[in-house]
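Colleague: Take this sequence and fold it.
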Amino acid sequence: MDYYQPDVPVEYIQELYLDVQHQFPGNVLLDFGYVSTRGTHLNYGRDINQLPLSGLGTGTSARPFPQYTAILGHLFDGFSNYNAFQIRAEKRMSHGLYFLMNYSWSKTMDTGTSSGHAQGVDVWQNAQNIRANYGLSTLDAPHTFNGSITYELPVGMGRMFPVQGVMDRVVGGWRVSSIFQSRSGVPFHSHRWRGPQRHSWIGVRSGPMLLRICLVSRIALATATFPIRR
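Modeller: Predicted coordinates:
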């Protein structure tokens, strides 16, 4: 069963971008930027018929609407933010060399990440307390480095190592190019459900940078507060 609030607010995104550039000798450009985005009134689908904390261990009769099981509520009270420091270095083609390199140090946080309107969010803990679910997004990859390099081989007519005729057609005018990308891992979530009153939740970052490990046991869940998604 799905539920939509009578007055659905308009989702919107606010963006801020600051940038400073400087041109160096040798056709090299260095660019420093700061990017910030904030999403407001995002669709935050979750089971609004979730068993409340005060009803743990009492059975499904403690649900807000005990005559139903799960009710997927689209309440549009989710929010997100993204902040990043970015560096770009570019050398325009000269002396046969061109390169473009980008580095981003960022942090993405939200109340939940969804793959579509009717899919709900990836992880939510307490349907009655949206801020308990605010934490690192499953899209968060703090470090990203990518770029490309192109080099014209100095062989051929009019180049450092000139050749003519057939040899120029065979070995002249070649370029060597490379594209590369490296980034840190994104958060990984594992869930184990044991009925409507008990569950365990583990959050850990995959990839080369281990940044987060959280564990809530079935015993601790009865007395736990929920701002653990960080």
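Colleague: C-alpha only now, for contacts and for neighbours.
Modeller: Will do.
Colleague: which SS class is the residue most central in space within the chain?
Modeller: With distances taken as Cα atoms, centre = their mean, L139 lies nearest the centre of the chain, 2.1 Å away. On the three-state scheme (DSSP: H, G, I helix; E, B strand; the rest coil), L139 is labelled coil.
Colleague: T108 is in contact with that one, correct?
Modeller: Yes: using Cα atoms under 8 Å, L139 is in contact with T108, at 7.0 Å.
Colleague: Report the contact partners of the residue nearest to the centre of the chain.
Modeller: T108, T113, V186, P187 (Cα atoms under 8 Å, 6 or more residues apart in numbering).
Colleague: mind listing what G96 touches?
Modeller: Per Cα under 8 Å, 6+ apart, neighbours of G96: T150, Y151, E152, L153, P154.
Colleague: meant to ask about A127, not that
Modeller: A127 neighbours (Cα under 8 Å, 6+ apart): R46, D47, I48, Q50.
Colleague: Can you flag which of the residues you listed belong to strands?
Modeller: Residues of the contacts of A127 located in strands (DSSP state E): R46, D47.
Colleague: Show me what the top strand by length along the chain is in contact with.
Modeller: Taking DSSP E as the criterion, the chain has its longest strand at strand 78-94. The contact list for strand 78-94 (Cα under 8 Å, 6+ apart) reads 26-44, 97-112, 130.
Colleague: which of these count as buried?
Modeller: 28-29, 34-36, 38-44, 97-112, 130 (16 or more other Cα atoms under 10 Å).
Colleague: secondary structure class for the residue lying closest to P9 once chain neighbours are set aside?
Modeller: In this structure, P9 finds its nearest non-sequential neighbour in H41, 6.5 Å apart by Cα to Cα, 6 or more residues apart in numbering. Put simply, H41 is strand when judged by three-state DSSP.
Colleague: confidence score at the residue nearest to V8 when sequence neighbours are not counted?
Modeller: Ranked by Cα to Cα, 6+ apart and with sequence neighbours excluded, the top spatial neighbour of V8 is F76, at 7.1 Å. As predicted, F76 sits at a pLDDT of 87.
Colleague: cool, R194 as well?
Modeller: 45.
Colleague: Three-state assignment for E15, please.
Modeller: strand.
Colleague: now do S54
Modeller: Assignment for S54 (three-state DSSP): helix.
Colleague: For it, grab the count of nearby residues.
Modeller: Neighbourhood size, S54 [other Cα atoms under 10 Å]: 10.
Colleague: Now do the same contact list for it.
Modeller: Going by Cα under 8 Å, 6+ apart, the list of residues near S54 is empty.
Colleague: how much space is there between it and G73?
Modeller: Using Cα to Cα, to the nearest Å, S54 is found at 21 Å from G73.
Colleague: quick one: contacts of whichever helix or strand R169 is part of?
Modeller: For R169, the enclosing helix or strand under DSSP states H and E is helix 165-171. Residues outside helix 165-171 that contact it (Cα under 8 Å, 6+ apart) are V155, G156, M157, P162.
Colleague: Setting aside sequence neighbours, what's the nearest residue to the second one?
Modeller: To tie it back to what came earlier, the one meant is G156. G156 sits nearest to G172 (Cα to Cα, 6+ apart), 3.9 Å away.
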